[in-house]
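In: Structure here, sequence nowhere to be found:
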Ligand code: CTP
């Protein structure tokens, strides 16, 4: 969790800053808001107070919150986000002017700054504004722009505020540790299915959210990520920021095997969060089966165990992380899978509960690494679980690198 200071400028898009606060909070960050006095014409301070629990700071000479308290804001924050940032705000920041609370804080702030600019296209393209942008970029200020489109003033072109989700993701990327920089991670997510006929299948309730959160977080932390999204995860793909992630879609466990095995040559870490179907129909019907009054008997044959197949031919310099979906004797079954599939660690989760695991937005897991005591994480949002798991993956990866470096 990071401490974020959001500066809201006077633009039509200021209302979108409200949604931005929500998105940042959902990512687990603490957010405090400051506004220029003119921004209050576009969105009411009370709206921000309602979602942050604190009135935004607006006036430099506010009797209730004296000047020093306002400098505190910039001392408190890990990241400053200016959204929407007007031409005026950019100009002040580029030239070191501080004549209101927002510009004072921006100048006093020593950490990373993310600017989501929003203004009329002609203003954005004006050489004075572009020069200010170049000055700020040269100082390390990051910019995020919305896609070109129709602006509130009717102009068409650049200058629109980026979508709140995109700004939140950019903020998250700036804050994320780059501890997986350059590590090639393959993540499997979701449940595969066993087709019965072209319109029916046997499946499981996995939504893939745990694996998708891992792919999102690994990318954010600098990894090169390939995601093999199994059938039931496809509809959840849009919930996550998977920009920069290579995505392959598979339906059956055979297809999962065909996607994963050849990719292992280019993979450092496999995180097998998928819930593959363990059986397939011996003879799926090519046509829709017609219903009758008779009992229908399906003959199932074992599907490949993808992780066991990877484990059987693993390289020592790779990390293999499995998941164990259990409803009883969790630790015993988890430990058995850890050894049987030649894994480095296994994440044990209880899929018998409805509030965690399959289909839920939260999870509660036990991390069991080889030759180590199990570690438990109490119930948390799957994105937080993903980060917690990747902390451990990064730890194992660092240890793995030491002998190689020493030998070289
Ligand atoms: N797995 C796999 N291929 C399968 C089944 C499972 O690669 N056909 C992987 C999963 O992605 C997970 C681990 O193996 O990382 C354990 O999966 P789980 O469903 O808990 O166990 P199974 O091996 O299927 O054993 P069981 O169903 O008997 O518990």
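Out: The structure has been received and is ready for your questions. Bear in mind the structure is a predicted one, so any value in this text is a computation, not a measurement. Residues are numbered from 1 along each chain as shown.

In: Get me the contact residues on this structure for the ligand.
Out: Counting by C-beta under 6 Å from any ligand atom, the residues of the chain close to the ligand are 188, 253, 272, 274-276, 278, 303, 305-307, 322-325, 337. The C-beta positions use only the backbone N, C-alpha and C, and glycine is treated the same way.

In: Filter those residues down to the ones in strands?
Out: Using DSSP state E to define strands, the subset of the residues of the chain next to the ligand located there is 188, 272, 322, 323, 324, 325.

In: For the fourth one, list the residues it contacts.
Out: Going back to what we said before, that points to residue 323. Counting by C-beta atoms under 8 Å, 6 or more residues apart in numbering, residue 323 touches 210, 272, 273, 274, 275, 346, 347, 348, 349.

In: Could you identify the most distant pair in these?
Out: Largest separation among those by C-beta to C-beta: 274 and 348, giving 15.6 Å.

In: Can you tell me the closest non-neighbouring residue to whichever residue of the stretch 51-200 of the chain sits closest to the ligand?
Out: Nearest residue of the stretch 51-200 of the chain to the ligand: residue 188, at 6.0 Å (C-beta to the nearest ligand atom). Nearest residue to residue 188, sequence neighbours excluded (C-beta to C-beta, 6 or more residues apart in numbering): residue 274, at 3.6 Å.

In: The one you found: what's it in contact with?
Out: Taking C-beta under 8 Å, 6+ apart, we find residue 274 in contact with 188-192, 206, 208, 211, 228, 230, 256, 306, 323.

In: CSV please, covering these and showing distance to residue 152 and pLDDT.
Out: As requested, the contacts of residue 274 are exported to CSV (distance: C-beta to C-beta, whole Å; pLDDT from 0 to 100):
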residue, distance to residue 152, pLDDT
188, 44, 98
189, 39, 98
190, 40, 98
191, 44, 98
192, 46, 98
206, 43, 95
208, 38, 97
211, 39, 98
228, 42, 98
230, 42, 98
256, 47, 98
306, 51, 98
323, 47, 98
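
In: Could you verify that residue 360 is part of a strand?
Out: No - using DSSP: H, G, I helix; E, B strand; the rest coil, the assignment for residue 360 is coil, not a strand.

In: wait, it sits on residue 354?
Out: Yes - using C-beta atoms under 8 Å, residue 360 makes contact with residue 354 at a distance of 7.0 Å.

In: more crowded one of these two?
Out: A direct count of neighbours by other C-beta atoms under 10 Å for residue 360 and residue 354 places residue 360 higher, at 19 against 10.

In: how about that one, what does it touch?
Out: Residue 360 is in contact with residue 354, counting by C-beta under 8 Å, 6+ apart.

In: Phi and psi next, for it.
Out: The phi/psi pair for residue 360 (degrees, to the nearest 10) reads phi -90, psi 160.

In: can you check residue 284 too?
Out: The phi and psi values for residue 284, taken as degrees, to the nearest 10, are phi -60, psi 140.

In: same check, this time on the one 4 residues further on
Out: Comment: the main-chain dihedrals of residue 288 come out as phi -60, psi 130, following degrees, to the nearest 10.

In: for the strand or helix carrying residue 388, packing partners?
Out: Using DSSP states H and E, residue 388 maps to helix 382-407. In this structure, helix 382-407 makes packing contacts with helix 209-220, strand 269-272, strand 319-326, strand 345-350, strand 362-369, strand 375-381, judged by 3 or more C-beta pairs under 8 Å, 6 or more residues apart in numbering; DSSP states H and E.

In: what about it, distance to the chain center?
Out: Centroid separation for helix 382-407 versus its chain: 18 Å, with C-alpha atoms, centre = their mean, to the nearest Å.

In: ok and that helix relative to strand 375-381, angle-wise?
Out: Counting by axes from the mean of the first three to the mean of the last three C-alpha atoms, to 10 degrees, helix 382-407 lies at 140 degrees to strand 375-381.

In: In helix 382-407, which residues are buried?
Out: Buried residues in helix 382-407, defined by neighbour count with 16 or more other C-beta atoms under 10 Å: 382-390, 392-394, 396-397, 400.

In: wait, what's in contact with the spatially closest residue to residue 169 that is not a sequence neighbour?
Out: Leaving aside its sequence neighbours, residue 169 sits nearest to residue 241 (C-beta to C-beta, 6+ apart; 4.1 Å). For residue 241, the contacting residues are 165, 169, 172, 216, 219, 220, by C-beta under 8 Å, 6+ apart.

In: 10 Å - rerun?
Out: Residues in contact with residue 241 (C-beta atoms under 10 Å, 6 or more residues apart in numbering) are 27, 165-166, 168-170, 172-173, 212, 215-217, 219-220.

In: Stretch 267-286 - what's its average pLDDT?
Out: Stretch 267-286 shows an average pLDDT of 98 in the prediction.

In: tell me which residues of it are tucked away?
Out: 267-277, 280-281, 284.

In: Same question for stretch 300-313.
Out: Residues of stretch 300-313 classed as buried: 303, 304, 305, 306, 307, 310, 311 (neighbour count, 16+ other C-beta under 10 Å).

In: out of the residues you listed, which are inside helices?
Out: Of the buried residues of stretch 300-313, the ones assigned to helices by DSSP state H are 306, 307, 310, 311.

In: residues in contact with the first one?
Out: Put plainly, it is residue 306. By C-beta under 10 Å, 6+ apart, the contact set of residue 306 is 188, 192, 228, 253-254, 256-261, 270, 272, 274, 276, 341.

In: which ones are touching the residue lying closest to residue 255 once chain neighbours are set aside?
Out: Once flanking residues are discounted, residue 255 sits nearest to residue 192: 7.3 Å by C-beta to C-beta, 6+ apart. With contact taken as C-beta under 10 Å, 6+ apart, residue 192 is in contact with 201, 203-204, 206, 228, 230-233, 250-257, 274-278, 280, 303, 306.

In: Show me what the residue of the stretch 51-200 of the chain closest to the ligand bridges to in the sheet.
Out: Taking DSSP bridges as the rule, residue 188 bridges to residue 228, residue 272.

In: from memory it sits against residue 247, does it?
Out: No - using C-beta atoms under 10 Å, residue 188 is not in contact with residue 247; the gap is 11.5 Å.

In: any shared contact partners between these two?
Out: Counting by C-beta under 10 Å, 6+ apart, the residues touching both residue 188 and residue 247 are 215, 226, 227, 228, 229, 233.
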